[in-house]
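S.K.: Just need the structure, nothing else, for what follows:
(one chain, ligands or ions: 2)
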Amino acid sequence: MIKYLTVSPEVQQALAAGRPVVALESTIISHGMPYPQNVQTAMLVEQTIRDYGAVPATIAVIGGQLTAGCTPDQIEHLGRRGTDVIKVSRRDLPVVVAEREDGATTVATTMIIAAMAGIKVFATGGIGGVHRGAETTMDISADLEELAQTPVMVICAGPKAILDLRLTLEYLETKGVPVIGYGTDELPAFYTRHSGFGVDYRLDTPQQLAATFRAKLDMGLQGGMLVTNPIPEQYSMPAQVISRAIDEAIADADRLGIHGKAITPYLLDRIQQLTGGDSLAANIQLVLNNARLAAQTARYL
Ligand code: PSU
Ligand code: MN
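M.R.: Ligands and ions are numbered 1, 2, ... in the order given. Here you go, the predicted structure:
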């Protein structure tokens, strides 16, 4: 394992000294936002984590090396190449490593590499889940399986409504993954604070998040924990605007026959086109909001 893993000196020193570290994914950079906002956001997220007293570790595969703590040049490279970079989920990892390729890590793969490096808290925007129509397509993101087996706390703004939120919650329940609402009883839905679905538990402080995950780790219960942190009110989008864009994006994807690993990036991009810059601005703000909470939580773990 060690032979494939490169941890940056800064992240290595922080971990050795027991200082807080927050993992960040790279698919959000290459496949989740357009250039150059993707790179600007990635750098701003790193700075926010530092401002809140933790060390950021952006995770990617660089020339086949699992990398925890990308340099600004590496982030720029991933952002500029965009969707030409391979999107790497669990099943992609062996080939990308053996072929010494570059890869952008999804939530699943970022969790795997964070766990190898010894990082326990990970901030992102949205996670993959059970797609609408999964009864027939069986499209269920590997992110959910990873949450079931890999010990990392994932802080997100809730699953996007491109997914079937009810089935996503059912899947997580079956797999024994706690779904926590941060300061809310209701599952947030990424662009909006409301979904109509309840979370398993509401917790109100970073200390409580840290203590809950600590208890899970101490008991040896495998798997992670999903913290859903609602987008700040002033940045949230009108529910009907976003839901219309999502429905239209899904209809377009159906018509074009897009499926498999391409569907999530396609929908993210299409929603951004349909809502003009609005959804991108919301997306950036919710990631920063999650970075702040992750840094605060990591300090208590
Ligand atoms: N959802 C978002 N933004 C994202 C993703 C999902 O709102 O950027 C990305 C994440 O990297 C996530 C991946 O892990 O898409 C899920 O892809 P799939 O559904 O193919 O597992
Ligand atoms: Mn899928």
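
S.K.: Looking at the spatially closest residue to Thr83 that is not a sequence neighbour now. What's its pLDDT?
M.R.: Closest residue to Thr83 apart from its sequence neighbours, by C-beta to C-beta, 6 or more residues apart in numbering: His31 at 5.5 Å. Any C-beta I mention is one placed from the backbone N, CA and C, and that applies to glycine too. pLDDT, His31: 97.

S.K.: can you tell me how far His31 sits from Thr106?
M.R.: 9 Å (C-beta to C-beta, to the nearest Å).

S.K.: and stretch 76-92, how far from the chain's centre?
M.R.: In terms of C-alpha atoms, centre = their mean, to the nearest Å, the gap separating the centre of stretch 76-92 from the centre of its chain is 14 Å.

S.K.: just stretch 74-85 next, same as before
M.R.: 17 Å.

S.K.: chain center to the helix or strand where Thr6 lies, what's the gap?
M.R.: For Thr6, the host element (DSSP states H and E) is strand 5-7. Relative to its parent chain, strand 5-7 has a centroid offset of 20 Å by C-alpha atoms, centre = their mean.

S.K.: packing partners for that strand?
M.R.: For strand 5-7, the elements it packs on are strand 65-68, helix 107-117, judged by 3 or more C-beta pairs under 8 Å, 6 or more residues apart in numbering; DSSP states H and E.

S.K.: mind listing what's buried in the shortest one?
M.R.: Going back to what we said before, that points to strand 65-68. Of the residues in strand 65-68, 66-68 count as buried by neighbour count, 16 or more other C-beta atoms under 10 Å.

S.K.: again with stretch 286-301
M.R.: 286-301.

S.K.: What is the burial count for the closest residue to Arg166 other than its chain neighbours?
M.R.: Of all residues not flanking Arg166 in the chain, Phe197 sits nearest, at 6.4 Å (C-beta to C-beta, 6+ apart). Using other C-beta atoms under 10 Å, Phe197 has 16 other residues around it.

S.K.: Phe197 and ligand 1: what is the separation?
M.R.: 17 Å (C-beta to the nearest ligand atom, to the nearest Å).

S.K.: ok, longest strand in the chain?
M.R.: strand 55-62 (DSSP state E).

S.K.: closest point of this protein to ligand 1, which residue?
M.R.: The nearest approach of the chain to ligand 1 comes at Gly126, 2.5 Å away (C-beta to the nearest ligand atom).

S.K.: and the residue lying closest to Gln285 once chain neighbours are set aside, how many residues sit next to it?
M.R.: Nearest residue to Gln285 in three dimensions, chain neighbours excluded: Tyr235, at 4.0 Å (C-beta to C-beta, 6+ apart). Neighbour count for Tyr235, taken as other C-beta under 10 Å: 17.

S.K.: thinking again about what came up before, which neighbours do His31 and Thr106 share?
M.R.: Lys87 (C-beta atoms under 8 Å, 6 or more residues apart in numbering).

S.K.: Of those two, give the one with the bigger neighbour count.
M.R.: Between His31 and Thr106, Thr106 has the larger neighbour count (other C-beta under 10 Å), namely 29 against 23.

S.K.: That one reaches Ile28, doesn't it?
M.R.: No - Thr106 is beyond contact range of Ile28, at 9.0 Å (criterion: C-beta atoms under 8 Å).

S.K.: Quick one: residues contacting the residue nearest the centre of the chain.
M.R.: When C-alpha atoms, centre = their mean is applied to the chain, the residue found nearest the centroid is Thr124 (3.5 Å). Contacts for Thr124 were tallied using C-beta under 8 Å, 6+ apart; they are 24-25, 28, 107, 110, 154-156, 287, 290.
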